[in-house]
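Enquirer: 3D model of this:
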Amino acid sequence: MGLLNELEEIKRREKSRKKELEKLRPNFYSDVVKKIGEMQAQARVLIEKMDIKEAGKLMDNIKKIQNSLENIISLRVRKILLFSIWKDEREVKNLTPEEKLLYLEVKSAVERHKNRVLGKEEVEEKEESGEKAKSETKPTAVEEKEENYVLVRVKVPFRVALPDGELNLRKEDVLHLPERIFKILRKKDIVEEV
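Expert: Here you go, the predicted model:
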């Protein structure tokens with residue numbers, strides 16, 4: 001089965017399973033991104049050989065694959081966002097490693113918001129220019145991570161400690177990392193920017 005057909009079938013099944021995520025292999029995203037990269041390299045070779053017609057067909061196919069992948073991501077992200085509000089982590093099934101990170105980050109943000117609204121976080125009020133400044137909360141570990149993120153591919157398998165356990169990242173996994181973490185891991189040649 002071709003990659004486009006596989007993605008279209010996953011998209012169809014994802015749409016039909018309204019309250020669950022379709023089971024994907026753990027390295028699904030990195031495999032698809034890798035395959036797209038290979039196809040783009042093939043297209044460049046065809047262009048260099050002046051086979052514009054075949055290169056055009058291949059580029060059209062790549063665009064369809066990218067659109068299909070983006071649709072799958074959108075469908076799954078919608079479900080993950082709902083799960084982060086309504087489901088406990090033990091109830092959420094079939095997350096890829098990248099999606100597990102998203103789920104945990106969103107769940108943490110939702111919990112912070114609930115605590116803030118319910119007055120469970122310490123709030124300090126400051127006076128500025130004779131009027132009250134907006135309330136500020138002490139930054140939590142997750143808030144401190146609010147920075148630029150970089151899409152990276154894992155070159156060397158490694159383990160990440162999370163509040164709820166460990167996440168094993170394998171070679172070719174693709175995920176978003178905070179830029180400061182990316183710089184550290186890139187220096188050690190553990191990840192590369194996608």
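
Enquirer: CA atoms for contacts and neighbours, from now on please.
Expert: OK.

Enquirer: what pairs with residue 153 across the strands?
Expert: According to DSSP bridges, the partner residues bridging residue 153 are residue 174, residue 192.

Enquirer: And residue 168, by the same measure?
Expert: With DSSP bridges as the rule, residue 168 is bridged to residue 159.

Enquirer: Tally up the residues packed near the closest residue to residue 84 other than its chain neighbours, please.
Expert: Among residues not flanking residue 84 along the chain, residue 107 sits closest, at 4.8 Å (CA to CA, 6 or more residues apart in numbering). Counted with other CA atoms under 10 Å, the neighbours of residue 107 add up to 22.

Enquirer: same deal with the one 3 residues further on?
Expert: The criterion is other CA under 10 Å. On that basis, residue 110 has 15 neighbouring residues.

Enquirer: Show the contacting residues for it.
Expert: Residue 110 makes contact with 84, 85, according to CA atoms under 8 Å, 6 or more residues apart in numbering.

Enquirer: about what we covered before: roughly how far does the residue nearest to residue 84 sit from residue 38?
Expert: Between residue 107 and residue 38 the computed distance is 35 Å (CA to CA, to the nearest Å).

Enquirer: which residue ranges form the helices in this structure?
Expert: Using DSSP state H, the helices of the chain run over 3-16, 28-48, 52-86, 97-117, 141-144, 179-187.

Enquirer: mind listing what residue 62 touches?
Expert: 36, 39, 40.

Enquirer: Go again with 10 Å.
Expert: Counting by CA atoms under 10 Å, 6 or more residues apart in numbering, residue 62 makes contact with 3, 4, 35, 36, 37, 39, 40, 43, 56, 68.
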